[in-house]
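Engineer: Sharing a model prediction with you, sequence too.
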Amino acid sequence: MPVNLTRNAISMINSGDVNSRPLVQVVDIKLIGSSQERYRFLLSDSESTQHAMLATQLNDQVRSGRVKKGSIIQVIDYICSTVQNRKIIVVLNMETIILEYEIIGNPKLVSGSELEPNKSTPNNNLEPSVRSTNNRYNPQAPPNNAQSFRPIIQPACQPPPNYKIQGPIMKNEAAARIIPIAALNPYQGRWAIKARVTAKGDLRRYNNARGDGKVFSFDLLDSDGGEIRVTCFNAVVDRFYSVIEVGKVYLISKGSLKPAKKNFNHLKNEWEIFLESNSTVELCPDEDGSIPRQQFSFRPISEIESAENDSILDVIGIVISVNPSVPILRKNGMETQRQILNLKDASGKSVEVTLWGDFCSKEGQKLKGMVDSGLFPVLAVKAGKVNDFNGKSIGTISSTQLFIDPDGPEAQGLRNWFESGGRNTDSISISKEIMPGGSKNEIRKTLAQIKDEGLGRSDKPDWVTAKATVVFIKTDNFCYTACPLMIGDRQCNKKVTRSSNKRWLCDRCNQEFEECDYRYLLQIQIQDHTGLTWVTAFQESGEDILGCPAKEMYLLKYELQDDTRFGEIIRNRLFHQYLFRLKIKEELYGDEQRVKITVVKVDNVNYTAESRYLHDMLTKKIPVKKQF
């Protein structure tokens, strides 16, 4: 049977009618764009054709062959926009009625709808690739395969009035339709989205060649799971900064879309909204709760080992320790706070999470109080930044959010695992540079084997674990004064010296400051049943061994000159047995090559686990020949 397309469908769409569901034919499909996959359709109502862009969420319909050249489709949801004086249809939702059909009629391209105005289209504005095989459509001559099709019901549509345009076109002031965030694209002239604010950035000030300015951003999530970032500058900041609250739902319209800068925007959206002077932001009642509070994409801690540096991800785990917060002087001379905590999960791994700034005084203080009182809360980190210095760790950034004991199946599963035995399960830290060699990190060696096997003399360092006892700690030069300035996400840590004005000077950063940091540089002799060796323990390992910060030890020895208390702390740490995770590497000292052994992590011996390890070693069968 013949197919009747919706009469004057193209004209109705161009006139602003968005309520009909016209039946049209796809007479051409073209893939455009190099960085982003987008499809351009040429739609026909049998008399006129019009260019259309397919919303990116519908790309799979073309890739999977569910729509192709000649398909009869019903356009369910669409927008007609004017881009650079050219009309274009944006198809947001559609349904394929007939997959394959010959081109109907001899349609002509509507004037003013060309996407490529510099290229003329031959043959009466109809692209050669979509011309019908007949010069005129004959309804009495159906196509050869028409008998296989069911009758098509013509949508009830009337042709629009034929207005003569003799002056300026009246602006359409009707309320914009609410569309999903996933359907946003630059070809839309008028749109509105309804979404919840999931994160709000700090108000930042900047200075560039055009002068001073201020900016802030916030992230949105809608009921379909679409996310997008919104950014405001200068006068727009004054309008909306105090209005936007995390957790509230807003109706937002009249913004402009620009490509998202992926260096600063981790959301899975190619666009970013910029609000302007005529933009509107209206608070909406959260009546049905259809928009979720937050959306996570958690990664197990074991997978963070392979994550790229500076990547942004979500992680959830049990907080097993929280260090006190310490003041840090950034490179710009401003002081901030830093606090380190440790997370573990059921993957058998743990990771350091570094909190910066206000996170320390808010969530960090609360977490430390909970852990100090014997509670081990679940912590979900939204948008943490991966750092690969000294192993893999997670750091907070301006868009990071922390959720203590959140609801949800992931949190409940972690809590059940921890209470049913995970509390006593050993976990391997992926921080502090202990994992680059994979399983080699858990190779157990005696101190004699380290020497006899020539470990550390290859191009790459060797990583081993040794059970040994601390027998001597050098107290001369046990720590050094370090630069506290931040270089990116890392602390400088270079040695600093006193200047003539009694301030600390860093030659690397070329800056002076009132207070410095103090970092351990311990020379320790350890012993097992096979022999002795010297090892070097830096900051974190030194704190684990001595049980107090380097600054406290420095003050006791050099300012308070309390040798009694200082000596007591040193003696109390002697003859303690630990599991040392060691990095062994040959280095050049002057003209001599020496093997240097560095302690990268110190663990107290878990005698239950150690007994199990020794039992497994004893029960390993060594094959021998039978004697007859």
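Structural biologist: Perfect, I can see it now.
Engineer: Pull the contacting residues for residue 244.
Structural biologist: Shown in contact with residue 244 (CB atoms under 8 Å, 6 or more residues apart in numbering): 197, 200, 218, 250, 281. Where C-beta positions appear, they are placed from N, C-alpha and C, glycine not excepted.
Engineer: Now the phi/psi pair for the nearest residue to the third one once chain neighbours are set aside, please.
Structural biologist: Residue nearest to residue 218 in three dimensions, not counting chain neighbours: residue 200, with 4.4 Å by CB to CB, 6 or more residues apart in numbering. Phi and psi for residue 200, reported as degrees, to the nearest 10, are phi -130, psi 120.
Engineer: May I have the residues that are in contact with residue 200?
Structural biologist: Neighbouring residues of residue 200 by CB under 8 Å, 6+ apart: 216-219, 244-246.
Engineer: what two of the contacts of residue 244 are the furthest from one another?
Structural biologist: Of all pairs drawn from those, the widest gap by CB to CB lies between 200 and 281 and measures 12.7 Å.
Engineer: which of the contacts of residue 244 lies closest to residue 553?
Structural biologist: Closest to residue 553, out of all of the contacts of residue 244 and judged by CB to CB, is residue 200, at 42.0 Å.
Engineer: Need the pLDDT of the closest one.
Structural biologist: With respect to pLDDT, residue 200 has a value of 88.
Engineer: Residue 7 now?
Structural biologist: 86.
Engineer: Kindly report the same for residue 439.
Structural biologist: Per the predicted model, pLDDT is 36 at residue 439.
Engineer: Tell me where the stretch 501-628 of the chain is predicted with low confidence.
Structural biologist: In the predicted model of the stretch 501-628 of the chain, residues 590, 619-628 satisfy pLDDT under 70.
Engineer: run the last query once more with 80
Structural biologist: Scanning the stretch 501-628 of the chain for pLDDT under 80 picks out 588-592, 612-613, 615-628.
Engineer: Then the stretch 201-350 of the chain?
Structural biologist: Per-residue confidence for the stretch 201-350 of the chain (pLDDT under 80) gives these ranges: 208-210, 262-264, 266, 286-289, 327-335.
Engineer: 90 - rerun?
Structural biologist: Scanning the stretch 201-350 of the chain for pLDDT under 90 picks out 201-213, 223-226, 246-247, 254-271, 277-278, 284-297, 305-312, 323-338, 348.
Engineer: residue ranges for the strands of it, please.
Structural biologist: Counting by DSSP state E, counting those that start in this stretch, the stretch 201-350 of the chain has strands at residues 204-208, 211-221, 227-233, 249-259, 271-284, 312-322, 326-329, 335-344, 349-356.
Engineer: Listing partners with orientation, what would you give for the last one?
Structural biologist: If you go by DSSP bridges, strand 349-356 pairs up with strand 335-344 (antiparallel), strand 393-395 (parallel), strand 428-429 (parallel).
Engineer: quick one, longest helix in the protein?
Structural biologist: Counting by DSSP state H, the longest helix found in the chain is helix 607-619.
Engineer: you'd agree residue 469 is in a helix?
Structural biologist: No. Residue 469 sits outside any helix when classified using DSSP: H, G, I helix; E, B strand; the rest coil, being strand.
Engineer: Grab the nearest non-local neighbour of it.
Structural biologist: residue 577 (4.7 Å).
Engineer: Quick check: the one you found vs residue 603, distance?
Structural biologist: Distance of residue 577 to residue 603, given as CB to CB, to the nearest Å: 11 Å.
Engineer: same deal with residue 396?
Structural biologist: Noted for residue 396: a distance of 26 Å to residue 603, by CB to CB.
Engineer: thought residue 53 was touching residue 38?
Structural biologist: Yes. In this structure, residue 53 is within contact of residue 38 by CB atoms under 8 Å, at 6.5 Å.
Engineer: Show me which of the two is the more surrounded one.
Structural biologist: Taking other CB atoms under 10 Å, residue 53 and residue 38 do not tie; residue 53 has more neighbours (22 against 16).
Engineer: Break this protein down into its domains, please.
Structural biologist: Structurally, the chain divides into domains by automatic domain parsing as follows: 9-148, 181-284, 301-429, 438-478+521-614.
Engineer: From one end of the third one to the other, what's the distance?
Structural biologist: Meaning domain 301-429. Start-to-end span of domain 301-429 (CA to CA, to the nearest Å) is 9 Å.
Engineer: Now a ChimeraX select for only the buried ones of the contacts of residue 200.
Structural biologist: A single ChimeraX command selects the buried members of the contacts of residue 200 (16 or more other CB atoms under 10 Å):
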select :216,217,218,219,244
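Engineer: and the domains of the chain as JSON lines, adding distance to residue 506?
Structural biologist: As requested, the domains of the chain are arranged in JSON lines below (distance: least, CB to CB, whole Å):
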{"stretch": "domain 9-148", "distance to residue 506": "42"}
{"stretch": "domain 181-284", "distance to residue 506": "25"}
{"stretch": "domain 301-429", "distance to residue 506": "10"}
{"stretch": "domain 438-478+521-614", "distance to residue 506": "17"}
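Engineer: so where's the stretch 51-200 of the chain shaky on pLDDT?
Structural biologist: Those would be 51-61, 63-65, 74-192, 198-200, if you go by pLDDT under 90 across the stretch 51-200 of the chain.
Engineer: residue boundaries of the helices in it?
Structural biologist: The residue ranges that make up the helices of the stretch 51-200 of the chain, judged by DSSP state H, counting those that start in this stretch, are 59-63, 122-125.
Engineer: Run through who's touching the first one.
Structural biologist: Think helix 59-63. With CB under 8 Å, 6+ apart, helix 59-63 has contacts from 29, 37-39, 54, 66-68, 94, 96.
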